[in-house]
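J.: The following block contains a protein sequence and its predicted model.
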Amino acid sequence: MNVAVVGIGRIGLPLAAKIASQGHQVMGCDINAARVEQVNRGENPIPDEAGLGELLAKVVRAGHLRATTDTTAAVANCEVVLFAVAVDVNAEGTADLTSLLAAADSVAQGLRPGTLCIFDTTLPIGTTRKVLAPRLEATGLELGTDVFVAFSPERLLMGRIIEDLTKYPKVVGGVDPEGGRRAAAFYREVFGGEVMELANAETAELSKLSEGAYRDLNIALANELAMVADAHGVDFTEVSRAANSQPYCHLHVPGTGVGGHCIPVYPRFLIQGRGPSSLSALGRQVNDAMPGYAVERLAALVDGLAGKRVLILGLTFRPDVAVTPHTNAVDLLREFKARGADVRGHDALLSEEGARALGFEPAAAPFEGYDIVVVHAYHRAYAELDWARIAPVLLDARNALDRDQIEAQGVRYVGIGRPVSPA
Ligand SMILES: NC(=O)c1ccc[n+]([C@@H]2O[C@H](COP(=O)([O-])OP(=O)(O)OC[C@H]3O[C@@H](n4cnc5c(N)ncnc54)[C@H](O)[C@@H]3O)[C@@H](O)[C@H]2O)c1
């Protein structure tokens, strides 16, 4: 089968490599010429993605995967086109479809009758049918007769995408019934795992938004309960361990907020759409307030932050992946600066320029002589640090460190929903 994957970024490239590894001919299409060249050399542009390097080298060497900037020409030879171009929110908090629409227009110019188009990018409900499918009919092709369209969300964790691609059922919903059937058959063939064919594209779109909203709200609930725990001097980690020992309770972990796209961005697609959504809006509000809450708690502990030297470690949105969109490290920086602190940042996975791009003054090693160290993304590279040398107070932004170990080093531990170590 000839398959085009449009957008060979964090999601599209592993997806393209995995399909190519099943013996299909895959064209990776992207407007980023440097990435296209790199892929054609068999070089992996995403080194923190487990297994991608070997897989990519293998499929490029075997001639099963090639990349191009000419999307229109590439899709003309393909039976299936997958879209993995990112959609973010704009300043007004609504979905910014600019890149995906441009990609759809490039595809439309090259589409041949009989092609199946599958949108993998998370979208507001109704977008595949009302906005994207009509773009694909631009050259006169008719939906359901000449071009078949489906939505099938990616449900992957960055860093282990190759593994996740076949781990969970592939959810599929057609815009036209034949699109749904063909998309389900396609995924059954290429991945061999379970495929859940839903009633239509809207059902599949809402299923993906539901996953993100569930996690966002669950974290918001954990955050609210953690603040209650703080008010009562109770340790929320013990509370949630006890509550979750009953099978109907699945409390998530509290923290200074939620980063990346899936959890903080996509619930906004529910809020912008029709239907009741006040709970999603409330969840966002609670989670967005957490950096301020954590920093204010620290300020009270150390008699104000003016002039205090603060080091923030781990600036990416989550441990061990070099991805920064919507990272809460930036929110923590803002909150510390607003209170007059002198803040430095470091990330084991980013260059100094990478830290600067997020607004941080890069910290120089060795790390020592700070008043406060904040561990935001607890990368493996930070596991052996000598915390006592760095600062007398540590804020564990995601309750990820071993409190006893920190205290044994004579450092005061501050978590979210956890009593502060005695002075
Ligand atoms: N990253 C995740 O963990 C994750 C998880 C689940 C779902 N998703 C979904 O996957 C989507 C893609 O995310 P990503 O992290 O791979 O984004 P990304 O930014 O890493 O990749 C998107 C790629 O699309 C390319 N592109 C932009 N405009 C284009 C055009 N007109 N034609 C061709 N290519 C174009 C970009 O150059 C880039 O390489 C997200 O919007 C999300 O819905 C992501």
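T.: That came in fine, so what should we check first?
J.: Could you use CA atoms for every contact and neighbour count after this?
T.: Noted.
J.: Up against the ligand, what does the stretch 101-250 of the chain have?
T.: 102-103, 121-122, 154-158 (Cα under 6 Å from any ligand atom).
J.: Now, of the residues you listed, which are buried?
T.: Buried members of these, scored by 16 or more other Cα atoms under 10 Å, are 103, 121-122, 154-156, 158.
J.: Can I get the residues you listed in JSON lines including distance to Arg268, secondary structure and pLDDT?
T.: Shown next, in JSON lines, are those (distance: Cα to Cα, whole Å; DSSP: H, G, I helix; E, B strand; the rest coil; pLDDT from 0 to 100):
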{"residue": "Ala103", "distance to Arg268": "23", "secondary structure": "helix", "pLDDT": "98"}
{"residue": "Thr121", "distance to Arg268": "15", "secondary structure": "coil", "pLDDT": "95"}
{"residue": "Thr122", "distance to Arg268": "11", "secondary structure": "coil", "pLDDT": "95"}
{"residue": "Glu154", "distance to Arg268": "18", "secondary structure": "coil", "pLDDT": "94"}
{"residue": "Arg155", "distance to Arg268": "18", "secondary structure": "coil", "pLDDT": "91"}
{"residue": "Leu156", "distance to Arg268": "19", "secondary structure": "coil", "pLDDT": "89"}
{"residue": "Met158", "distance to Arg268": "21", "secondary structure": "coil", "pLDDT": "88"}
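J.: could I get the residues you listed as a markdown table with distance to Arg241?
T.: A markdown table is the format used below for those (distance: Cα to Cα, whole Å):
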| residue | distance to Arg241 |
| --- | --- |
| Ala103 | 46 |
| Thr121 | 35 |
| Thr122 | 32 |
| Glu154 | 30 |
| Arg155 | 27 |
| Leu156 | 26 |
| Met158 | 26 |
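J.: For the closest residue to Pro362 other than its chain neighbours, what are phi and psi?
T.: Of all residues not flanking Pro362 in the chain, Gly345 sits nearest, at 5.0 Å (Cα to Cα, 6 or more residues apart in numbering). Reported as degrees, to the nearest 10, the phi and psi values for Gly345 are phi -130, psi 150.
J.: where in this protein is pLDDT low?
T.: Where the chain drops to pLDDT under 70, the residues are 272-277.
J.: Please parse it into its domains.
T.: 2-199, 202-423 (automatic domain parsing).
J.: need the strands for the stretch 201-350 of the chain, in chain order.
T.: 309-313, 342-346 (DSSP state E, counting those that start in this stretch).
J.: most tightly surrounded among those?
T.: With neighbours defined as mean count of other Cα atoms under 10 Å, those peak in mean count at strand 309-313, which reaches a mean of 24.
J.: Which elements pack onto that one?
T.: Using 3 or more Cα pairs under 8 Å, 6 or more residues apart in numbering; DSSP states H and E as the contact test, the elements touching strand 309-313 are strand 342-346, strand 372-375.
J.: Direction included, what does the last one pair against?
T.: Right, strand 372-375. strand 309-313 (parallel), strand 393-396 (parallel) (DSSP bridges).
J.: got JSON lines for the ones you listed, with distance to Leu82 too?
T.: Shown next, in JSON lines, are the strands paired with strand 372-375 (distance: least, Cα to Cα, whole Å):
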{"stretch": "strand 309-313", "distance to Leu82": "37"}
{"stretch": "strand 393-396", "distance to Leu82": "40"}
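J.: nearest to the ligand, of those strands?
T.: strand 309-313 (21.5 Å; Cα to the nearest ligand atom).
J.: Dump that closest one to PDB, keeping only the CA atoms.
T.: The C-alpha coordinates for strand 309-313 follow below in PDB (Å, rounded to 0.1, in the frame of the first residue of the first chain):
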ATOM      1  CA  ARG A 309      17.900  33.200  44.400                       C
ATOM      2  CA  VAL A 310      15.800  30.500  42.800                       C
ATOM      3  CA  LEU A 311      16.900  27.700  40.500                       C
ATOM      4  CA  ILE A 312      14.200  25.900  38.400                       C
ATOM      5  CA  LEU A 313      15.300  22.500  37.100                       C
END
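J.: Can you give the contact residues for stretch 43-59?
T.: Residues from elsewhere that reach stretch 43-59, judged by Cα atoms under 8 Å, 6 or more residues apart in numbering: 10, 14, 17-18, 20-21, 35, 38-39, 42, 65, 158-162, 320-322.
J.: and that stretch, which residues are buried?
T.: 43-46, 48-50, 52-53, 55-59.
J.: okay, now the closest residue to Cys262 other than its chain neighbours: neighbour count?
T.: For Cys262, ignoring the flanking residues on the chain, the nearest one in space by Cα to Cα, 6+ apart is Gly212 at 5.7 Å. Residues contacting Gly212 under the criterion other Cα atoms under 10 Å number 22.
J.: What's the separation between Gly212 and Glu154?
T.: Counting by Cα to Cα, to the nearest Å, the separation of Gly212 from Glu154 is 12 Å.
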